[in-house]
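Undergrad: coords please:
(chains A and B)
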There are 2 protein chains.
Amino acid sequence: MHNFEFYAPTRVIFGKGTEMRTGELVKEYGGSKVLIHYGGQSAVRSGLLDRVKASLEAAGISYVTLGGVVPNPHLSKVREGIALAKEAGVDFLLAVGGGSVIDSAKAIAYALAEPEYDIWELYAHTRKAKKCLPVAAVLTIAAAGSEMSNSSVITNVETGQKRAYNDNLARPKFAIMNPELTVTLPDYQTQSGCADIMMHTMERYFTNGGNMELTDQLAEGVLRTVIKNAKILHEQPDNYEARAEVMWAGSLAHNDLTGCGNAGGDFATHMLEHEMGGMFDVTHGAGLAAIWSSWARYVYKNCLHRFVRYALNVMQVEPGATDEETALKGIEAMEDFYRSIGMPTNMKELGIAPTEEQILEMAEGCYRAAGGPKGSAKLLQVEDMAAVYRLAR
Amino acid sequence: MHNFEFYAPTRVIFGKGTEMRTGELVKEYGGSKVLIHYGGQSAVRSGLLDRVKASLEAAGISYVTLGGVVPNPHLSKVREGIALAKEAGVDFLLAVGGGSVIDSAKAIAYALAEPEYDIWELYAHTRKAKKCLPVAAVLTIAAAGSEMSNSSVITNVETGQKRAYNDNLARPKFAIMNPELTVTLPDYQTQSGCADIMMHTMERYFTNGGNMELTDQLAEGVLRTVIKNAKILHEQPDNYEARAEVMWAGSLAHNDLTGCGNAGGDFATHMLEHEMGGMFDVTHGAGLAAIWSSWARYVYKNCLHRFVRYALNVMQVEPGATDEETALKGIEAMEDFYRSIGMPTNMKELGIAPTEEQILEMAEGCYRAAGGPKGSAKLLQVEDMAAVYRLAR
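TA: Alright, predicted model coming up:
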C-alpha cells in the first residue's frame, strides 16, 4: 500500500431539477459575470440553456455565451473563449455540457487567471499553473468525470496533439448533475460514456506494486454498477435510475477515490487512445473500448494477480484451470460486454484503419506525450505501444 | 432514489510519516497561531505531540496547547479551550487525537468565530452557525470519522445531555492520517472504533424509501473491508495494512459517501447510544455494538429487503428458507462477528445495568434529542425506544 493524498472538494448537487439552482450557486461562490460555455445545439434545443440563463438572471448574474465546443475540444475554441471572456470581464466559468465543454472551460479559466502566459504552455508541460478562475459545471453527459477531476485534455489540431494538464486549481467548485439531462443522448454516446467511466477505474486498478483492499472493493463496486446499468440503458435509454447510477459512477471513477493507496495507476490505454483521438477524431470512450482488450492481452501475464481478481470480482466468471485461463476468461467476458452494449473491441469495429506508418507515428507520439515508457501493469516501450496498436487493428 | 448533495472538501494526507507535514499544511491554509488540542498523555508519551510541535516550529507557526479531552468530550473542556484560545489570539484549531478531540476542536472553532454567542446554543439547536475558524486533524484513532465529517458531538455533564451539531463550516481543511499512530491502541479501543465505523455506514444503509445501487455497492465494500481487517487487528494489532484499511474506511463511512441517493438514513441506534453515553459514559463504538442487534431484531420486519441484502452481501450468509430467516441469519452473523472481536452484543456485556426508571429516562431523552420519533427502517416512538433498550439489557 502506498501513501496517498485525496482531495475532491467539488460540491455535488445531484438529482432532478437541480439545474434551477445554478444562479444561486454561482452567486454563493462569488461569480458576478459568467461565461456560459457549451457544445452543440442540443443544449439550446432542449431548453437547458434557457433554464440556466433564467436561473442566472434570477440571481442577478450577467453572462456571455460561447458554444461550439466539439468532442476532443480544440485549442482554437479555447483561444476564442479567452478573447471573449477577457473582453467581457468574466470572473466565473460555467460549463454546460460534458467532459469536453468542462475541459475547455478549465483551459479558459487558467488562461484568464494568468493572462501573461500562453495557455498551451500548460498542456505542453513547460509551465505549471499558479492560479485559476472558478469553474463549475452543469453536466449533460456521464463520461469524462471532469466535473470532479483535476484533469483537462485539449487537442491542438494544427499539430495533431491531444494533451492533458492536471491541477487541483481547476477542480470545479460545484457540479450540478441532473440525470434527466442525459436521457436524450444517442445510445452510442451513452455507451461510450460508460466505457470511459469504467476505464478511469480500470486504469487505477491494473497496477503492480501494492494495492489497498478498500480501494479495490470500491472500484469493483463502481465497475459492477456501470456494467449492470449500461446494459439497462442499452434497452431502456429513459431509465432515470440507471442514468443516475452511471452519472454518479462517472464522477467517482475519476475523482481519485478508486486509486487511493494503489501504485499510481497504469493509464497506458488512455495515452494510446489520446493519439488515436488526435489523429482520427474518434469518440473517446469508444476508442478506449477498441484498444483495451488488445492492451489487456499484451500485458496480462505481467500483472496476472490483478487480471484474475478482475475476472472473478468484476466480470464474475467461473475460475479457469489456471490463473492465466481465469484472466483470459475475464478479458473475453469484458469483450462480450462491450459487444452487448454496441461498443467496438478493435479499431476495425471503431471504423478506423491506420496504416503501419500511422501506427508508428501514434506510438512515437504516445511515447513523447508520456515523457517516456508508460504503464504499471507492464511498462510499455515505444515498440510495445506499436504492438498494442497492431493487435487492435 | 433521492436527490442528494455530496460535499467532502477535506484534503486527506494518508500514510507513514505524514505528521511531519503538519506545519507546512497549517501554513498553506493560513494558520499563524494554533491551538493544539489533544486528549490523554499517550500523545505526549509517544512523542507525537513533540513531532507535531517541531513541524509547526519549522514552518514558523506559534502555538498553545490544551490536553485533557475525554471520550464523549465535555462542554467544560470546550469552554476552557475557548478562553485559552481567545487569550492567545488563536486563528487555527489543530486536533491531535480521535473523534472526541476533533469534535471538541470544532466546538471551540465555532465559538471563536462568533464570540458574541454561547457555544451550547448550537448543540441545543436554538441557533445555526454562520462562521467557523479553520480546523484540521492529526488522526490517532480510526472511529468517529470526524476528520472528514460535518459533525461534532459534545456532552454537557451538568445536564447529562450528549448532543450533535452538523454543519459543513466545520469540515476539517486537512486531515493527516498515519495508520502507524493507531498501532499502540488497546484492542478494545481499536474494535470499538471498527464498530463505530461500521455503524456510520449501517445507519445510512438500513432505510426505507429508495436506495442507490452504487451507494449500496460502496457501503457493502466498506463493511466487508472493516469486518475482514477488524478480525486481523484482533490477532495482529501491529499490522500496518489492516490499520490503514480501517483508518480510510473510518473517513469514508462518515463523509456521506455511503449515503448518497438513499433516504436520509436511520440513525436511531446512534441516538439511542448517545443517551447511554450521556448517562453511563460508555465507549461509543462498544455502546453501538451493544444496542445494534436488539434494534435490528425490533425493526427488521419493517425493512426486510435491506436486512436480506445485508445478510447476503455483507455477512455473506447462505440464504434461509424465507426472507425473514435470511435476515435473522444476517443479524446473528453480525453478533458472532462482534463477539469474535471482543465487542458486546448487549448492555450486560457492555458492563451497564440500567434500571427500568433509567431506561424510561433514556428513551425520553432520546425522543427529546431527536425532536420526536426517529428512524427510517422503522420510525421509533418513545415506547419503541424503551422497548429496544429493554431488549438490549
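Undergrad: Just give me the longest helix of chain A.
TA: When chain A is parsed with DSSP state H, its longest helix is helix A:213-235.
Undergrad: Which positions in the very next helix or strand once past that helix come out as buried?
TA: Counting by DSSP states H and E, the next helix or strand C-terminal to helix A:213-235 is helix A:240-252. By 16 or more other CB atoms under 10 Å in any protein chain shown, the buried positions in helix A:240-252 come out as A:E241, A:A242, A:R243, A:A244, A:E245, A:V246, A:M247, A:W248, A:A249, A:G250, A:S251, A:L252. No exception for glycine: its C-beta is placed from N, CA and C like everyone else's.
Undergrad: thinking again about what came up before, please state the offset of the longest helix of chain A from the chain centre?
TA: Offset of helix A:213-235 from its chain centre (CA atoms, centre = their mean, to the nearest Å): 16 Å.
Undergrad: pLDDT (mean, whole number) over that helix?
TA: For helix A:213-235, mean pLDDT is 98.
Undergrad: need the residues of chain A near chain B, please.
TA: A:1-9, A:11-18, A:212-214, A:217-218, A:220-222, A:224-225, A:228-229, A:240-241, A:244-245, A:248-249, A:252, A:257, A:260-261 (CB under 8 Å from any CB of the partner chain).
Undergrad: and the helix or strand where A:V101 lies, what does it pack onto?
TA: Using DSSP H and E, A:V101 falls within helix A:99-113. On a contact count with 3 or more CB pairs under 8 Å, 6 or more residues apart in numbering or on different chains; DSSP states H and E, helix A:99-113 meets strand A:33-38, helix A:75-88, strand A:92-97, helix A:120-123, strand A:135-139, strand A:151-156.
Undergrad: three-state assignment of the residue nearest the centre of chain A?
TA: With distances taken as CA atoms, centre = their mean, the residue of chain A nearest its centroid is A:A144 (2.4 Å). Classification of A:A144 by DSSP: H, G, I helix; E, B strand; the rest coil places it in coil.
Undergrad: wait, it sits on A:H284?
TA: Yes - counting by CB atoms under 8 Å, A:A144 touches A:H284, with 7.4 Å between them.
Undergrad: Tell me the residues that contact both of those two, please.
TA: A:G99, A:D196 (CB atoms under 8 Å, 6 or more residues apart in numbering or on different chains).
Undergrad: so how far is the top strand by length along chain A from its chain's centroid?
TA: Identified as the longest strand of chain A according to DSSP state E is strand A:4-14. Here strand A:4-14 is found 16 Å from its chain centre; the criterion is CA atoms, centre = their mean.
Undergrad: Each with direction, which strands does that strand pair with?
TA: Paired strands of strand A:4-14, with direction, are strand A:174-177 (parallel), strand B:4-14 (antiparallel) (DSSP bridges).
Undergrad: which residues sit against the first one?
TA: When you say that, I think you mean strand A:174-177. Counting by CB under 8 Å, 6+ apart, A:10-15, A:18-19, A:21-22, A:25, A:29, A:136-139, A:147-148, A:247-248, A:251 sit against strand A:174-177.
Undergrad: In the record's domain split, what are the boundaries for chain A?
TA: With domains defined by automatic domain parsing, chain A comprises A:11-181, A:184-391.
Undergrad: Drop the exposed ones from the residues of chain A next to chain B and show what's left.
TA: Taking 16+ other CB under 10 Å as the criterion, what is buried in the residues of chain A next to chain B is A:1-2, A:4, A:6-9, A:11-15, A:18, A:212-214, A:217-218, A:220-222, A:224-225, A:229, A:241, A:244-245, A:248-249, A:252, A:257, A:260-261.
Undergrad: What residues sit buried inside stretch A:15-28?
TA: For stretch A:15-28, using 16+ other CB under 10 Å, the buried residues are A:G15, A:T18, A:E19, A:R21, A:T22, A:G23, A:L25, A:V26, A:K27.
Undergrad: So the third one sits against A:S55, correct?
TA: Yes - checked against CB under 8 Å, the pair A:E19 and A:S55 is within contact range at 6.9 Å.
Undergrad: so how far is B:V183 from the nearest residue to A:L214 once chain neighbours are set aside?
TA: Excluding the flanking residues, the one nearest A:L214 by CB to CB, 6 or more residues apart in numbering or on different chains is B:T225, at 4.5 Å. The gap separating B:T225 from B:V183 is 19 Å, by CB to CB, to the nearest Å.
Undergrad: now swap in A:N168 and tell me
TA: With CB to CB as the criterion, A:N168 and B:V183 are 31 Å apart.
Undergrad: least trustworthy helix or strand in chain A by mean pLDDT?
TA: helix A:42-45 (a mean of 86; mean pLDDT, DSSP states H and E).
Undergrad: could I get that one in PDB with only the CA atoms?
TA: Taking Å, rounded to 0.1, in the frame of the first residue of the first chain, the C-alpha atoms of helix A:42-45 are listed here in PDB:
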ATOM      1  CA  SER A  42     -28.800  20.100 -28.200                       C
ATOM      2  CA  ALA A  43     -28.400  22.300 -25.100                       C
ATOM      3  CA  VAL A  44     -30.200  25.100 -26.900                       C
ATOM      4  CA  ARG A  45     -33.000  22.900 -28.400                       C
END
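Undergrad: Against which helices or strands is it packed?
TA: Checking 3+ CB pairs under 8 Å, 6+ apart, helix A:42-45 ends up next to no helix or strand.
Undergrad: can you pull the buried residues of the very next helix or strand once past it?
TA: Later in the chain than helix A:42-45, the nearest helix or strand by DSSP H and E is helix A:48-58. Using 16+ other CB under 10 Å as the test for burial, helix A:48-58 gives A:L48, A:L49, A:R51, A:V52, A:K53, A:S55, A:L56.
Undergrad: neighbours of A:N302, just the number please.
TA: For A:N302, the neighbour count with other CB atoms under 10 Å in any protein chain shown is 15.
Undergrad: and it, what does it touch?
TA: Per CB under 8 Å, 6+ apart, neighbours of A:N302: A:N208, A:A377, A:K378.
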